[in-house]
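*Asks:* Here you go, sequence then predicted model.
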Amino acid sequence: MAPKKTEDLLKLKKQIKEKTLSPLYVLYGEENFLRDIYVRRIIDCVPDGGFPEFNHIYLSGADVTFAEYDNAWESFPMMTDKKLIHIKDSGIFSSKRTSGGASAEEKKEFWTEKLSRISEDTIVIFDESSVDKRSALYKAAVKAGTAVEFSYLSDADLVSWIIKQCLNAKKRIAKENAYYLVTMCDAGLGNINNELQKLLDFCDEEIYKTDIDRVVSKSMQVIVFELTDAIMEGKVNKALSTLSGLKTVKESAFNILYLMLSSFEKMLHAKIMTSSPQSEIATELGVAPFIARKYIDSARGFSEDALVWMVRRVAELDLDIKEGRIEEWTALEQYVTECIHFIKK
């Protein structure tokens, strides 16, 4: 039996292909690139009749008022059979206040009524970064229509996707080089696609590792991993050289410090969860599978005591920076050398 996420996506693809749309969709998840593709495909199935301002209504953000939603819900399509309401990041399927600061009870009452009464001439898309699947409103929306989660793709799926895009462009890339490209980018197909397009424009018939090194911009996450690797290996000069390069291009020392803190926190979390499956660790950390693997691998190079110390030390340096006792870049360089000396004890 296929996983439920796969079943839901296959159902959505079938509806789009046959143009037999549900009255309501909840499309959600961190993989924005794919989610945007399917939102657009649903929208393309609903003609605007030459009056997009009346027939394709777009509402965005958590501060849209109940009155604005009412107007969209109650309006009639003009010169066409159906209208479409695209609601972006409403937050109604979370516990946070929305709709102009309405209480949870007001929100529940308003939306319970709306979700139970969708006109036959209306298609509604909720386009959400995240949802609480336990919420009564999410369950009501699922009952009224179709929900599809767009999670980060697995490593294997990302590699397959890159190879397919290359073939479509009449070019080749080896599996190991496709995976190397994945590890050089921030999570998400959108980021990978941006770098892949640069490679497709640059390369001739095949994309090699040397091309990726030459063309692809390393994500800050990759650079931070290089820093933490240098710390783990006790390579002071390599770590300080990496910092010098970042200083030259005017990166924020404060931002780098907190990216390192985030990395060490995730490594500590991964170390504590060492007996759990990688997929479970990735979900718990809120990162893509290939990034979770890096945290797991890196955590093996540090003791739990070292990771705890490195996390706590950032809080002390943060206070020193804010109280003017130390300059940001000096604090960052000091932190890196202190980390290396600590793990050498």
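*Replies:* Thanks, I have it.
*Asks:* Now do the strands in this protein.
*Replies:* Counting by DSSP state E, the chain has strands at residues 24-28, 56-60, 83-88, 122-128, 146-149, 172-173, 206-207.
*Asks:* now for those strands, which one comes closest to residue 318?
*Replies:* strand 122-128 (33.0 Å; C-beta to C-beta). For the C-beta atoms, the positions are set from N, CA and C on the backbone; glycine is no exception.
*Asks:* if I look at residue 84, how far off is residue 113?
*Replies:* 21 Å (C-beta to C-beta, to the nearest Å).
*Asks:* more crowded one of the two?
*Replies:* Per other C-beta atoms under 10 Å, whichever of residue 84 and residue 113 has more neighbours is residue 84, with 22 against 10.
*Asks:* Correct me if wrong: the more buried one contacts residue 123.
*Replies:* Yes. Residue 84 lies in contact with residue 123 (C-beta atoms under 8 Å); the separation is 4.7 Å.
*Asks:* what do these two both touch?
*Replies:* Taking C-beta atoms under 8 Å, 6 or more residues apart in numbering as the criterion, residue 84 and residue 123 both touch 42, 46.
*Asks:* got JSON lines for the strands of the chain, with mean pLDDT too?
*Replies:* Formatted as JSON lines, the strands of the chain follow (pLDDT from 0 to 100):
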{"stretch": "strand 24-28", "mean pLDDT": "98"}
{"stretch": "strand 56-60", "mean pLDDT": "96"}
{"stretch": "strand 83-88", "mean pLDDT": "97"}
{"stretch": "strand 122-128", "mean pLDDT": "97"}
{"stretch": "strand 146-149", "mean pLDDT": "96"}
{"stretch": "strand 172-173", "mean pLDDT": "98"}
{"stretch": "strand 206-207", "mean pLDDT": "97"}
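*Asks:* out of those, nearest to residue 140?
*Replies:* Between the strands of the chain, strand 24-28 lies closest to residue 140; by C-beta to C-beta that is 9.8 Å.
*Asks:* Report all helices and strands that that closest one contacts.
*Replies:* helix 32-44, strand 122-128, helix 136-144, strand 146-149 (3 or more C-beta pairs under 8 Å, 6 or more residues apart in numbering; DSSP states H and E).
*Asks:* For stretch 156-176, output the C-alpha coordinates as CSV.
*Replies:* Extracted in CSV, the C-alpha atoms of stretch 156-176 (Å, rounded to 0.1, in the frame of the first residue of the first chain):
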residue,chain,number,x,y,z
ALA,A,156,16.7,9.6,-3.6
ASP,A,157,13.7,11.6,-4.9
LEU,A,158,15.8,14.8,-5.1
VAL,A,159,18.5,13.0,-7.0
SER,A,160,15.9,11.5,-9.4
TRP,A,161,14.3,14.9,-9.9
ILE,A,162,17.7,16.5,-10.8
ILE,A,163,18.5,13.8,-13.3
LYS,A,164,15.1,14.1,-14.9
GLN,A,165,15.5,17.9,-15.2
CYS,A,166,18.9,17.4,-16.8
LEU,A,167,17.4,14.8,-19.3
ASN,A,168,14.6,17.3,-20.1
ALA,A,169,17.3,19.8,-21.0
LYS,A,170,19.2,17.2,-23.0
LYS,A,171,22.1,17.0,-20.6
ARG,A,172,23.5,14.4,-18.2
ILE,A,173,24.5,14.3,-14.6
ALA,A,174,25.8,11.2,-12.7
LYS,A,175,23.9,10.2,-9.5
GLU,A,176,26.8,11.0,-7.3
